[in-house]
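>>> Give me coordinates for this.
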Amino acid sequence: EATSLRKALVDSEAENEELRTLLTSDEAQLLAARLRGEAEVQERAAIVQRAVDELQRLHAGLARRCSELGNVREAEVESRERQLAQEQAQHEERLGELRRRLSAS
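Numbers count the residues shown, from 1 in each chain. Prediction:
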């Protein structure tokens with residue numbers, strides 16, 4: 001039994017050494033570098049996507065605000081036009097009264 005344990009230990013140590021050699025090989029280093037690069041690209045893509053989402057949210061908010069301001073402007077123009085029409089009518093009414101007085105005198 002001790003012999004089989006020693007053999008298993010030797011085999012295990014040999015496998016560990018083989019794995020260490022594989023992990024430190026140029027191929028493994030290149031693979032690790034490639035995987036790190038891919039992870040960085042994915043992280044940057046996520047950052048860009050969050051920025052795009054935020055810009056779209058801000059754009060939608062600006063579009064709503066622009067529409068609101070357009071509605072306010074229209075209401076102000078209509079109000080001003082009504083006020084001008086009312087002032088014009090009052091002016092014409094006073095002018096008419098002055099003409100009648102002049103005609104009467």
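>>> Residue nearest the middle of the protein, spatially speaking?
residue 54 (1.6 Å; CA atoms, centre = their mean).
>>> how far does the helix or strand hosting that residue sit from the chain's center?
In the assignment (DSSP states H and E), residue 54 maps to helix 26-104. Its chain's C-alpha centre and that of helix 26-104 lie 16 Å apart, by CA atoms, centre = their mean, to the nearest Å.
>>> which stretch of helix or strand covers residue 21?
With secondary structure defined by DSSP H and E, residue 21 is part of helix 2-23.
>>> Show me which residues of that helix are buried.
Residues of helix 2-23 include none that count as buried (16 or more other CB atoms under 10 Å). C-betas here are computed from N, CA, C, even on glycine.
>>> Could you check the angle that helix makes with helix 26-104?
Helix 2-23 runs at 50 degrees relative to helix 26-104, counting by axes from the mean of the first three to the mean of the last three CA atoms, to 10 degrees.
>>> Who are the contact partners of residue 20?
By CB atoms under 8 Å, 6 or more residues apart in numbering, residue 20 lies in contact with nothing.
>>> That one and residue 94: what is the separation?
Here the criterion is CB to CB, to the nearest Å. By it, residue 20 lies 105 Å from residue 94.
>>> And for residue 22?
Residue 22 is 103 Å from residue 94, by CB to CB.
>>> How about residue 29?
96 Å.
>>> How about residue 1?
For residue 1, the distance to residue 94 (CB to CB) stands at 125 Å.
>>> In terms of packing, which of these two has more residues around it?
Using other CB atoms under 10 Å as the criterion, residue 1 and residue 94 rank with residue 94 on top: 10 against 5.
>>> where does the more buried one land on pLDDT?
On pLDDT, residue 94 comes in at 96.
>>> can you check residue 88 too?
pLDDT at residue 88 comes out at 97.
>>> count of neighbours near it?
That count, for residue 88 with other CB under 10 Å as the rule, works out to 10.
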